[in-house]
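Participant: What follows is a predicted structure for the sequence shown.
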Amino acid sequence: MALFFEQFPKLAYDISGNKNFKLVTDIFRRIKIRSNIADNVSLYSTYDVPSGETPETTSFKHFGTTDYHWIILLTNNITDRYYGWPLSEQDFEAYVTSKYDNPGAVHHYESHSQVDHKQVMDHLITHTK
């Protein structure tokens, strides 16, 4: 993670208010990939993350080091390292079980219907005259 903050600006910060300033990294900065790079899909390859693989492991597989895990997270717009990244099958099961009393139950219904918009518009025009 040190590489991630390496280029961040430093600022003088007095944590206790006694005029004893320390030089610290400004962690409130946010970075993003330039749009012209992010929008260029030819720069990326599809990768299916195996169950249980961490961003650090993915970084090591692709770059030979774990130091660039933050680049993988950044390019995939993942800001929550734990719930934005795919969970392992066991962690996913545990999450679902903790979230729902009965994970196998029906939680919502969906209905799909097709509407003839021309018929609706004709009906509205006829009844508004």
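Facilitator: Arrived safely, thanks for sending.

Participant: hey, let's count contacts and neighbours off CA atoms from now on
Facilitator: Will do.

Participant: can you count the residues close to the nearest residue to Asn20 once chain neighbours are set aside?
Facilitator: For Asn20, ignoring the flanking residues on the chain, the nearest one in space by Cα to Cα, 6 or more residues apart in numbering is Asp14 at 5.7 Å. Using other Cα atoms under 10 Å as the criterion, Asp14 is surrounded by 13 other residues.

Participant: got it, and the one 5 residues further on?
Facilitator: Taking other Cα under 10 Å as the criterion, the count of residues near Lys19 is 9.

Participant: any idea how far Tyr13 is from it?
Facilitator: 9 Å (Cα to Cα, to the nearest Å).

Participant: Lys61 too?
Facilitator: Distance, Lys61 to Tyr13, by Cα to Cα: 39 Å.

Participant: Then Tyr82?
Facilitator: Applying Cα to Cα to Tyr82 and Tyr13 gives a distance of 30 Å.

Participant: Which one's more surrounded, these two?
Facilitator: Neighbour count, other Cα under 10 Å: between Tyr82 and Tyr13, Tyr13 has more, with 15 against 11.

Participant: Verify the stated contact: the more buried one with Val24.
Facilitator: Yes: under the criterion of Cα atoms under 8 Å, Tyr13 makes contact with Val24 at 6.7 Å.
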